[in-house]
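Enquirer: below are the sequence and a predicted model for it; my questions follow.
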2 protein chains.
Amino acid sequence: MSLLVIGTVAFDALETPFGKTDKIVGGAATYIGLSASYSLKPVNIVAVVGDDFAQSDIQLLETHGVDTEGLQIKAGEKSFFWSGKYSQDLNSRETLATELNVLADFDPTIPDGYQDCKYLMLGNLTPAVQRLVIQRLVNRPKLIVMDTMNFWMDVALEELLATIEMVDVLSINDEEARQLSGEHSLVKAAKKIQAMGPKYLIIKKGEHGALLFHKTKMFYAPAMPLEEVFDPTGAGDTFAGGFIGYLAATDDISFENMKRAVIHGSAMASFCVEKFGTERLLNLTAGEIEAREAQFAELVRVEPALEPAS
Amino acid sequence: MSLLVIGTVAFDALETPFGKTDKIVGGAATYIGLSASYSLKPVNIVAVVGDDFAQSDIQLLETHGVDTEGLQIKAGEKSFFWSGKYSQDLNSRETLATELNVLADFDPTIPDGYQDCKYLMLGNLTPAVQRLVIQRLVNRPKLIVMDTMNFWMDVALEELLATIEMVDVLSINDEEARQLSGEHSLVKAAKKIQAMGPKYLIIKKGEHGALLFHKTKMFYAPAMPLEEVFDPTGAGDTFAGGFIGYLAATDDISFENMKRAVIHGSAMASFCVEKFGTERLLNLTAGEIEAREAQFAELVRVEPALEPAS
C-alpha cells in the first residue's frame, strides 16, 4: 500500500567515541525511507534540500526504492545541517551545530502521484509543517504515524498539540513522554497522551526497547543487547521507518500486527547502530533481517512449564 | 528442595515522595525469605539481629514459612539499621544512616538441620561472610546464587572476586555489571563476568527488566510497566527470592527453567514495590501471583503472522 514519508533530508557530521565523519547524508526522511524500503517500494518522500545535495546522493535514494519526485531542490540554498558529538557511553549527545538553511521556510508540496497515500509517516519536523501535509492531502490516509522530539515541546507546544490531535500513532522516547504528559509513570503518561488524540502510542526506550500502548493494552518489545554500538544516529527514525513500512506492506493496522511492526522496526534499528550514519541500511539482505527478527523472538521466548511449579 | 538464604535481617527507615516509615523490618534475607516462601516452605535463613528485634518480628517470619533457627539474636546489641530517602522519580536514593551494629562481627553459624541444603542464596552482605557460608557447608549445594552491590566493588574487590568465583549465578544491576567488568556493553560485560566464575549472570535493570546470560544464550524479561511505584526498597532481593524459590521448588536448573524463574522473580518484585517495605509480600495469594505472571507473558506475546510480510 502506498506510503508517504515527510521529514528532513540533510547533512550530518557525527562524532562518536569510535570516530568521526565529514558531512554525510542523513535526516529523518532519509533513515525512514531507507528503512521502510526493505518492506515495500517505492517509498514516496516529501522533503527539501539545497543545491549542495549531489545528484549522486539523490541517485542513492532512488536505487534504494525511495521516490524523490517530492524532493524539492532549492537553487542557491544549502541543505539542513546538523552536527553532534556523542558521550563516551553513547547515552547522551551534544549538538555542535544546527543550520536550518532550506528548512527555515519549507513549504511542503505533495505531487499528484502521492495523493493516493494510505500510510503517512510524519518524520520529526516543525509540527506546523507536519500538519500542513495532512491538510494538503485530499483524502485522509488510513494511518498517520508521527514522530517528534522534546525540542518542539519546548518551543512550539501549542502547534505540537494541534498536530498530535490529528494523528493515529505517536512515537516519542520515554523522557519526551514524561515531559509531554507531566507523568513519571509511563502507564499514566500513555493514558494522558492517548487522551490528546493518538489512539496508539509508542514509547521508545533506546537500549531498553520500545513500548506500544492502545487503550488498556500494552506490549513491550525489548531491544537486542548488542556487543557493539557504533553510532546511534537515526535509530529512532529507522525504527519508525521499519514500523510503518511493515504496516503498509501488510496493510493490517490491528494491534496484533502493530506488535509485529514494532519488532520489525526494532530489528531495523539494531542494524542501523552497527555502522556510521545510514551505511548499514544500504546493503541489508532479506535473510539478515529475517535472522535478526528470529533473534528478537528468541530473546523473550519461554517454553511453558510442563506443570505448574507450586 | 531445601533452600538456605543468608543475608541481613534489619530495620529500615524509608522516605519516598509518598510518605515515610519509622523503623520497619527489612534486610535482604527478609525480602528473599518472604518472596521465596511463596514457592516453597520452609525457607531456612542464617542471619543476625540484636535484642531490639521483637518476638513478634520473628513470629512474622515464622508464620510466613521462614525458619528462624539460624537467626542469631545478640543480647545487648542492636540490629543492623539503614535509613534512606528516595528522589522524586524514585530512580536514585540517598543513604541517611547506616549502623552496622550486630553486622560488624557477624560469624554465620549453620544449624545442622540446614546442612542438607541443595539451593543456597547469598543475599547482599560482606563477601567474606558469603564465602564463609559456602565453606561451612559440608556438601556444596546444587546451585549457589549470589547477590551483591557496587559498595563491595569499591571497598573489598579482592574478597568479592574470590567469592564470585565460587558461585553459579551472580545477580547484579546494570551499573554494577559495567563497573565489575569495565565494559559498557552488557553483552561484553556478561562474557567477562562469566569468565570470573559464575556460569550464569542476571543483570537487573530496574524498571527496564532483567537479562539472563549463559554462554552464548541471552534472555530478556521486561519489567511490568506500573501505574504506581510506591517504594522500590527490597525489589532486587524480592526478585532474587522469587528466582531461587522457583528453582528450588521445581528442582530444575536448566536454562529454560531459569527463564521461568526470572519471570517469577520479576512478578514478585512488581508486587513488592506497590507498598512500603515488605507489606505487599505479607499477604499475596497464589491467584494474584498467577495472574501477574500471566500479565508478564501477555506483555511480550506476539502471534506469528499468517504469512511473511514481504
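Expert: The structure has been received and is ready for your questions.
Enquirer: for chain A, which element, helix or strand, carries the lowest mean pLDDT?
Expert: strand A:19-20 (a mean of 90; mean pLDDT, DSSP states H and E).
Enquirer: quick one: strands adjacent to the next helix or strand after it?
Expert: Next along the chain after strand A:19-20, taking DSSP states H and E as the criterion, comes strand A:24-26. Partners of strand A:24-26 in the sheet, by DSSP bridges, are strand A:10-16 (antiparallel).
Enquirer: only alpha carbons, please: show the partner strand as CSV.
Expert: Once non-C-alpha atoms are left out, strand A:10-16 reads as follows in CSV (Å, rounded to 0.1, in the frame of the first residue of the first chain):
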residue,chain,number,x,y,z
ALA,A,10,20.0,16.6,5.4
PHE,A,11,23.7,16.5,6.0
ASP,A,12,25.1,15.3,9.3
ALA,A,13,28.6,15.4,10.8
LEU,A,14,28.9,12.9,13.6
GLU,A,15,31.4,12.2,16.2
THR,A,16,31.3,9.1,18.4
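Enquirer: list the neighbouring strands of the least confident helix or strand of chain A plus their orientation.
Expert: By DSSP bridges, strand A:19-20 pairs with strand A:10-16 (antiparallel).
Enquirer: just the residues contacting the partner strand, thanks.
Expert: Residues outside strand A:10-16 that contact it (C-beta atoms under 8 Å, 6 or more residues apart in numbering or on different chains) are A:20-27, A:30, A:49, A:52, A:79-86, A:90, A:96-97, A:230-231, A:233, A:276-277. No exception for glycine: its C-beta is placed from N, CA and C like everyone else's.
Enquirer: nearest spatial neighbour of the most centrally placed residue in chain A, skipping sequence neighbours?
Expert: Central residue of chain A (C-alpha atoms, centre = their mean): A:D237, 2.5 Å from the mean position. Closest residue to A:D237 apart from its sequence neighbours, by C-beta to C-beta, 6 or more residues apart in numbering or on different chains: A:Y31 at 3.6 Å.
Enquirer: burial count for that neighbour?
Expert: 32 (other C-beta atoms under 10 Å in any protein chain shown).
Enquirer: ok, now how distant is it from B:E228?
Expert: Here A:Y31 is placed at a distance of 37 Å from B:E228 (C-beta to C-beta, to the nearest Å).
Enquirer: A helix includes the residue nearest to the centre of chain A, no?
Expert: Yes - under DSSP: H, G, I helix; E, B strand; the rest coil, A:D237 sits within a helix.
Enquirer: contacting residues for it?
Expert: Counting by C-beta under 8 Å, 6+ apart, A:D237 has contacts A:7, A:28, A:30-32, A:35, A:123-124, A:147.
Enquirer: between the residues you listed, which sits nearest chain B?
Expert: A:S35 (13.2 Å; C-beta to the nearest C-beta).
Enquirer: around chain B, which positions in the stretch 51-200 of chain A sit nearby?
Expert: Residues of the stretch 51-200 of chain A lying close to chain B (C-beta under 8 Å from any C-beta of the partner chain) are A:88-90, A:184-188.
Enquirer: which residues sit in contact with A:R292?
Expert: A:224, A:267, A:270-271.
Enquirer: name the element it belongs to?
Expert: Here A:R292 is assigned to helix A:286-300, by DSSP H and E.
Enquirer: tell me the buried residues in that helix?
Expert: Across helix A:286-300, burial judged by 16 or more other C-beta atoms under 10 Å in any protein chain shown covers A:289, A:292-293, A:296, A:299-300.
Enquirer: what's the closest non-adjacent residue to A:K217?
Expert: Of all residues not flanking A:K217 in the chain, A:F255 sits nearest, at 5.8 Å (C-beta to C-beta, 6+ apart).
Enquirer: how close does that neighbour sit to B:R178?
Expert: Noted for A:F255: a distance of 36 Å to B:R178, by C-beta to C-beta.
Enquirer: and these two? which has more neighbours close in?
Expert: Between A:F255 and B:R178, B:R178 has the larger neighbour count (other C-beta under 10 Å), namely 19 against 14.
Enquirer: surely the more buried one touches B:H184?
Expert: Yes - judged on C-beta atoms under 8 Å, B:R178 makes contact with B:H184 at a distance of 5.9 Å.
Enquirer: ok so, going back, check the offset of the least confident helix or strand of chain A from the chain's centre.
Expert: 24 Å (C-alpha atoms, centre = their mean, to the nearest Å).
Enquirer: what about A:D107, which SS state?
Expert: Local secondary structure at A:D107 is given as coil here, using three-state DSSP.
Enquirer: mind listing what it touches?
Expert: A:L132.
Enquirer: what pLDDT is listed against it?
Expert: On pLDDT, A:D107 comes in at 97.
Enquirer: next one: the one 3 residues further on
Expert: At A:I110, the model reports a pLDDT of 97.
Enquirer: my guess is it contacts A:V133. True?
Expert: Yes - using C-beta under 8 Å, A:I110 is in contact with A:V133, at 6.9 Å.
Enquirer: these two touch, right, the residue nearest to A:D237 and A:C272?
Expert: Yes - counting by C-beta under 8 Å, A:C272 is a contact partner of A:Y31 at 7.0 Å.
Enquirer: which residues do those two both contact?
Expert: A:234, A:238, A:278, A:281.
Enquirer: may I see the buried residues of the longest helix along chain A?
Expert: For chain A, the longest helix by residue count, based on DSSP state H, is helix A:255-272. For helix A:255-272, the neighbour count (16+ other C-beta under 10 Å) marks A:257-272 as buried.
Enquirer: out of the residues you listed, who's nearest chain B?
Expert: Closest to chain B, out of all of these and judged by C-beta to the nearest C-beta, is A:K259, at 4.9 Å.
Enquirer: quick revisit: filter the buried residues of helix A:255-272 by proximity to chain B?
Expert: Among the buried residues of helix A:255-272, the ones lying near chain B by C-beta under 8 Å from any C-beta are A:257, A:259-260, A:263-264.
Enquirer: okay, the residues you listed in CSV with pLDDT and distance to A:V102 next?
Expert: CSV is the format used below for these (pLDDT from 0 to 100; distance: C-beta to C-beta, whole Å):
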residue, pLDDT, distance to A:V102
A:N257, 98, 36
A:K259, 98, 38
A:R260, 98, 36
A:I263, 97, 35
A:H264, 98, 32
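Enquirer: so which of those comes closest to B:P141?
Expert: Nearest to B:P141 among these: A:I263, at 39.0 Å, using C-beta to C-beta.
Enquirer: which strand or helix spans A:D154?
Expert: Going by DSSP H and E, A:D154 is in helix A:150-155.
Enquirer: tell me the helix or strand right after that helix.
Expert: For helix A:150-155, the following helix or strand on the C-terminal side (DSSP H and E) is helix A:157-164.
Enquirer: residues in contact with the residue nearest to A:V262 when sequence neighbours are not counted?
Expert: Spatial nearest neighbour of A:V262, excluding adjacent residues (C-beta to C-beta, 6+ apart): A:A221 at 4.7 Å. By C-beta under 8 Å, 6+ apart, the contact set of A:A221 is A:209-212, A:259, A:262-263, A:266, A:296, B:300.
Enquirer: bridge partners for A:A221, pull those for me.
Expert: Beta-bridge partners of A:A221, counted by DSSP bridges, are A:A210.
Enquirer: any idea how far the residue nearest to A:K217 lies from chain B?
Expert: Noted for A:F255: a distance of 10 Å to chain B, by C-beta to the nearest C-beta, to the nearest Å.
Enquirer: now A:Q194
Expert: Taking C-beta to the nearest C-beta, one finds A:Q194 at 14 Å from chain B.
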